[in-house]
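A.B. asks: based on what follows, work out the 3D shape:
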Amino acid sequence: MLVMKRLAEGCGADIDDLNSLNTCTTCGICTENCPSGVDPPRSIEGARSVLVSYGTMTEEQASLSERANFSGNVLGDSSSRIGWLRDQRGLPHKADLVYFVGCLASYRYPEIAIKTFDILRRFGAALLPDEKCCGSPLLRTGFDASELMNSNLKQIKDMGAKTLITGCAGCYTTIKNSYPDEFEVLSVPEFLAEHISELNLKPLDLTVTYHDPCHLGRKHKIYDNPRKVIEAICELREMTANRNRSRCCGGGGGVRSGYSDLSLEMARKRLLDVPTGVDYIVTSCPLCIRNLNDAGGDGKVIDLVELVSEAIRANDKRIMNY
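C.D. replies: Residues are numbered from 1 along each chain as shown. Next up, the predicted model:
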């Protein structure tokens, strides 16, 4: 807060100031616990924006912005964004329901994109023809994301979409709060919970725990929906710190790309909250999956959609053997 005060007074920022501002994941746990209702993440994002407007930023920030604006994704990947889709023929040009995939699911976790779209397609969901990064990484680190956002927005309008569904917590926050309020925005857990009776789930002999992504949990109070889906499939055993008290995975706010050691240290601390005897750690954010697995989750951190897909597959197998 002292750094932001000096910036407001017209003072410059040195490397220590940059590190102080940029090591915040903007997870919101400080806001949740502040008796005065102060929102430090909002102030920090504002301060980052001021510094970027002055041309003051870290090399990692500059690189992230360049990758996103040049390639349309924060990974700088030049391959097809829908390379995960086996059959790309006959994709509708108009649809009420659109699945916004996100950068990480498109390029790093294609199996999540496949399983999500397989489910959503049953309800008539389509894809944007040329989806770009939602803009969240740029906005969190102080940059203008209007070019990416306007490209997505034009496609959403051209498709006549009434509802946009995303499986990325960061995409959800950005599209819901920073795009025009012209269509409904749902997270995958919300959609699945709403249609749970239509999913034909078979209970599985598993015990899992659930990690609340900051952008779904504290930011939007989406706590019950994923738990409703999980409890329809298997036993849920809560983490020591859960719901609004959940620790951040350490990946947000640009911390993963700029301060990887700190990011993984935070993720390792989060893994200490995992109860014993669980088969999987379930979450609803690909960045959380990446960070927690890299910090020692060893592949046990999975997306909610993967659990749902397994329950659907088990039910289909039961019917075939009937």
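A.B. asks: longest helix in the protein, please.
C.D. replies: Counting by DSSP state H, the longest helix found in the chain is helix 304-320.
A.B. asks: in that one, what's buried?
C.D. replies: Across helix 304-320, burial judged by 16 or more other CB atoms under 10 Å covers 304, 305, 306, 307, 308, 309, 310, 311, 312, 314, 315. Bear in mind the C-beta positions are built from the backbone N, C-alpha and C, glycine included.
A.B. asks: give the other helices and strands that the host helix or strand of residue 151 contacts.
C.D. replies: If you go by DSSP states H and E, residue 151 is part of helix 146-159. Counting contacts by 3 or more CB pairs under 8 Å, 6 or more residues apart in numbering; DSSP states H and E, helix 146-159 is packed against helix 59-71, strand 97-100, helix 169-178.
A.B. asks: how far out from the middle of the chain is the longest helix of the chain?
C.D. replies: Chain-centre distance of helix 304-320: 24 Å, with CA atoms, centre = their mean, to the nearest Å.
A.B. asks: what residue spans form the domains of the chain?
C.D. replies: 2-71, 97-194, 201-318 (automatic domain parsing).
A.B. asks: let's have these in TSV, adding mean pLDDT.
C.D. replies: Listed next are these as TSV, based on pLDDT from 0 to 100:
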stretch	mean pLDDT
domain 2-71	87
domain 97-194	98
domain 201-318	96
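A.B. asks: for residue 288, give me its contacts.
C.D. replies: Each residue near residue 288 by CB atoms under 8 Å, 6 or more residues apart in numbering is listed here: 169, 211, 213, 249, 251, 301.
A.B. asks: okay if I get the helices and strands packed on helix 146-159 as CSV plus distance to residue 275 and mean neighbour count?
C.D. replies: Putting the helices and strands packed on helix 146-159 into CSV (distance: least, CB to CB, whole Å; neighbours: other CB atoms under 10 Å) gives the following:
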stretch, distance to residue 275, mean neighbour count
helix 59-71, 35, 17
strand 97-100, 32, 23
helix 169-178, 22, 24
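A.B. asks: my guess is residue 57 meets residue 51, correct?
C.D. replies: Yes: the pair residue 57 / residue 51 is scored as a contact, 6.4 Å apart, by CB atoms under 8 Å.
A.B. asks: which residues do the two both contact?
C.D. replies: 18, 142.
A.B. asks: now distance to residue 274 too, for the helices and strands packed on helix 146-159, in CSV please.
C.D. replies: Shown next, in CSV, are the helices and strands packed on helix 146-159 (distance: least, CB to CB, whole Å):
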stretch, distance to residue 274
helix 59-71, 29
strand 97-100, 29
helix 169-178, 19
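A.B. asks: figure out which of those is closest to residue 279.
C.D. replies: helix 169-178 (22.7 Å; CB to CB).
A.B. asks: name the strands paired with the next helix or strand after the closest one and say parallel or antiparallel.
C.D. replies: The C-terminal neighbour of helix 169-178 among helices and strands, as given by DSSP H and E, is strand 184-187. Within its sheet, and counting by DSSP bridges, strand 184-187 is paired with strand 163-166 (parallel).
A.B. asks: wasn't residue 214 part of a strand?
C.D. replies: No: under DSSP: H, G, I helix; E, B strand; the rest coil, residue 214 sits outside any strand and is assigned coil.
A.B. asks: where do the helices of the stretch 1-150 of the chain begin and end?
C.D. replies: Under the criterion DSSP state H, counting those that start in this stretch, helices of the stretch 1-150 of the chain are mapped to 2-8, 15-22, 29-33, 40-53, 59-71, 103-107, 110-121, 136-140, 146-159.
A.B. asks: what sits against the closest residue to residue 27 other than its chain neighbours?
C.D. replies: Computed as CB to CB, 6 or more residues apart in numbering, the closest residue to residue 27 that is not its neighbour in sequence is residue 248, at 3.6 Å. With contacts defined as CB under 8 Å, 6+ apart, the neighbours of residue 248 are 25, 27, 29, 214, 266, 270.
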